[in-house]
Every structure is written in C-alpha cells, then in structure tokens.
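> Pasting the sequence and the predicted coordinates here, then a few questions.
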Amino acid sequence: MTTTPSDGAAEPTTLRELLKRRDYVRFWIARVAATLGVQIQSVALGWQMYAVARESMDVKQSAFYVGLIGLAAFIPVLLLSPFAGETADRHDRRKVLLICYIGEIGTAVTLAAASIFDFASIPLLLLLSALFGASRAFMGPSSTALGPMLVPRSLLPRAIAWNSLAWQGGSIIGPAVGGLLLSHSTGLSYSVTTVLYVLALVSVFLIRGDTQPVVQAGSRWALIKEGMVYTWTNKIVFGAISLDLFAVLLGGATALLPVFARDVLHVGPDGFGLLRAGPAIGATLVAVVLASRPIRSHAGITMFAGVAVFGAATIVFGLSKSLPLSVFALAVLGGADMLSVYVRQTLVQIVTPDNMRGRVAAVSSLFIGASNELGEFESGVVARFLGPVGAAIFGGVGALIVTGVWAKLFPALRKADRLE
C-alpha cells in the first residue's frame, strides 16, 4: 500500500523539518518555476491579444477579446476535469505532471515562434489558450494530489502555506519581469517562459519518492461519480470551493488590467507589469505570515472575511484613477484572496482521503478555473456593456453579495474552527 512520510512515530511541524523533505523541495522549485512561466506568459498573451485586437477594434470590443482568452482556457478544464481527477487517482501523479509540463512547453514555443515570425492572430491566440487550458486541466489535480504525498500530515498546513508562497512569489516577480520583457518583445517573453517550464519539468523528474496512489476498484465512470458525490455531500468541501467560484467569478476585474493600463490609467507596459504584480504583492505578504504562523482557530470566519475584503478592494480598484492607489487596492485584494484560499485549500486537503484527492482536486480545479478563466470572460462581457470601470465595480459588489449568501447557506463552513 502506498504510504506517505507520515508513517512513523515522529510528528514534525517545523519549517526545518519541511525543508528536509528533498522531494518536497524539488516539487516546490518546480512550482515556483512554473508559476513564473505562467505569469510571464499570461502578461504577454493578454497584452498581445489586446494589441492585435486594437488594430481594428475599439476599446470595448478589444476588452471583450481579452476576456475570450479566459473562456478559451476554461472550456478544456470544464470538459476534461472529471477525467483529470480520475487520472490523478489512478496513475503515477509525477508522470502525469511531467506530461503536462511538456504540453506547456509546446504552447510556449509556438507562441514564441508566432511572435518572432509575426504570424500571431486572434484565432491562433485563442487556440493556444485552449491547448494550454487542456494541459492545466490535468496539471491542477495531479499537482494538488502530489504535494500531500511528499510530506507528513503534521506538516501539511505549513506545506500548503509554502505552496501558496511559491505561487504568490512567482506572481509578484512574473508580472514585473513580464512587463520588462514586453518592453523588448513578446517573443522574448515567451522564450523565457519556455526555459522556466523546462526547469519545472526537470525538478519534477528528479522526485524519487513513491507517487503512485492506491488504485481503487471500479470503472473510470464509477470513480468519477464517487468523487463528485463526495464533493457534493461534504458541505465543508463543497461550500469552500463554491464560495471561491462565485466570488472570484464576479470579482475577476484583474482580467481587464491590459485595458486599465492602456486606456484608463494610461501607464503602458511598465505600469501594466506593476498592476499585474499588485495582487501578488499583498498575497505574498499574507503567505509569508501564514507560512510562519498558520491559522489555528476561527478558520471559517477568517475565510469569509477574506472574501468580503476582496470584494471591497475590487470596488476601490475600479474607482481609482491613480496608479499607486490602484496597485494598493490590488495588493489588498490579493492579500485577502490569499487568506481565503489558504483556509479553503487546507480545509479541503485535510478532510479529503488521499485516494480521493485527485478527484476532489479536479472538482476544485474546475471551480477555480471557472472563477479565474470564466471570470475573465465575464469581466470582458460586462466591460463590453458597462466599460472596464463599470465591470470592476459590478464584480466587487457581486463578491460582497456572494459572501453574505454563502455565510447563510453553509453554516458548517462558517463555524469551521481549527485547521488540524
């Protein structure tokens, strides 16, 4: 039977003990590299799509096409997530992750070639976004389920905080580096992205532990159904991931940052990089605190408070006409989101058995994909009618409403206390 490093008498909880887990450190390095790559690619792709669209369209129409990137990336997640979860619970999670990184490398190389040889177009950018989404549909469940296999249960909350720190740290550096690279060329941005994906691939390849989950009996469809039933009937799990879905779906104004940078705040690609880094700055500060001092009590209330602050900060961002204020609002937004995401991920991973983590992570990834990618599309559609400022305000108000409704619908989630 597959075991985790938790088998044994010791129950380590310190950062030093976490860093002794070499496979986890390799996993963490891969996460940092992949996050940097994703952020740089996302910055370049959004900017390039808006630039291509603006050659023949007005601001509102171009903003709509920026939003379409999110829809193109989400559709594969919607279609493939159930199979991705079952794959993560049946096959070696490290090998699945390696295949996903190969797919990401392929999309980055194609984007680099399209930029360098000047054949980028709206259809091509949308197609590559969809292929990238297909790769990430399998990556999310496999990566989420792999992490807990590399550490004992007692280190899991700390590992989750450090996983989030890796993501948010990369999300700070990535947009800033992406803006700098864009000032030279989009081709350079995609080339650097390719190198980072290769680094992630090598780091995961070097993981030596047993990453094959215990395979349960039953057909593929039976396992998929079991995972969905578990997620639906466990009110803490379902409440946590659905709260993230609807709050971020409505509050996804950050998808419109290329529009704000170019036609609202008029700050160009350098300012765009600062705006993209804003949410991650706040999120990283919160992640650093959580990594050293994990939340011990009042977890549910803390998560709801984070989502409420997220919505309020989105409104401030939409109303701002100043770059410093906009970056500050985005930093607050990112910090609040980090707080709620940390609680949600810890709750879900702690209450979910290892042999179901892939399938539950697939549902969670589907919801996260809907909140992020579909949220980008929602913001683009609303911006088409209300303009970018109106879309941001609309989203912030919607996130506040969702917070209140979910606090009423899921009392068990609201009353969740300790993350142990």
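Sure thing, it's come through.
> could you point out where the stretch 301-420 of the chain is predicted with low confidence?
Scanning the stretch 301-420 of the chain for pLDDT under 70 picks out 351, 354-355, 357, 361-378, 417-420.
> Please identify the helix or strand for residue 43.
Here residue 43 is covered by helix 22-54, with elements defined by DSSP states H and E.
> downstream neighbour of that helix in the secondary structure list?
Counting by DSSP H and E, what follows helix 22-54 is helix 59-90.
> quick one: buried residues of that following helix?
59-60, 62-78, 80-82, 84-90 (16 or more other CB atoms under 10 Å). In short, each C-beta sits where N, CA and C put it, glycine included.
> what's the answer for stretch 287-302, then?
By neighbour count on 16+ other CB under 10 Å, the buried set for stretch 287-302 is 287-291, 294-295, 299-302.
> In TSV: the residues you listed, plus secondary structure.
Listed next are the buried residues of stretch 287-302 as TSV, based on DSSP: H, G, I helix; E, B strand; the rest coil:
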residue	secondary structure
287	helix
288	helix
289	helix
290	helix
291	helix
294	coil
295	coil
299	helix
300	helix
301	helix
302	helix
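> Turn those residues into a markdown table, columns for distance to residue 400.
Listed next are those as a markdown table, based on distance: CB to CB, whole Å:
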| residue | distance to residue 400 |
| --- | --- |
| 287 | 24 |
| 288 | 27 |
| 289 | 24 |
| 290 | 24 |
| 291 | 28 |
| 294 | 27 |
| 295 | 22 |
| 299 | 21 |
| 300 | 18 |
| 301 | 16 |
| 302 | 17 |
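> of all these, which two lie farthest apart?
Across the buried residues of stretch 287-302, the longest distance by CB to CB is 22.9 Å; it joins 288 and 300.
> Now do the nearest residue to residue 146 once chain neighbours are set aside: how many residues are near it, please.
Using CB to CB, 6 or more residues apart in numbering and skipping the chain neighbours, the partner closest in space to residue 146 is residue 93 (4.2 Å). Using other CB atoms under 10 Å as the criterion, residue 93 is surrounded by 26 other residues.
> mind listing what residue 93 touches?
Residue 93 sits next to 142-143, 145-146, 149, 211-213, 358 when contact means CB atoms under 8 Å, 6 or more residues apart in numbering.
> Tell me the spacing between it and residue 210.
Look at residue 93 and residue 210: by CB to CB, to the nearest Å, they are 10 Å apart.
> Are there residues contacting both of those two? Which ones?
residue 149.
> Scan the protein for its longest helix.
Longest helix in the chain, counting residues (DSSP state H): helix 375-409.
> Give me the angle between that one and helix 22-54.
Using axes from the mean of the first three to the mean of the last three CA atoms, to 10 degrees, the direction of helix 375-409 lies 120 degrees away from that of helix 22-54.
> who's in contact with the helix or strand that helix 375-409 is followed by?
For helix 375-409, the following helix or strand on the C-terminal side (DSSP H and E) is helix 411-414. Under the criterion CB under 8 Å, 6+ apart, residues 235-236, 239-240, 243, 300-301, 303-304, 406-407 lie in contact with helix 411-414.
> Could you look up the SS state of residue 119?
coil.
> cool, the one 5 residues further on as well?
When the structure is split into helix, strand and coil by three-state DSSP, residue 124 lands in helix.
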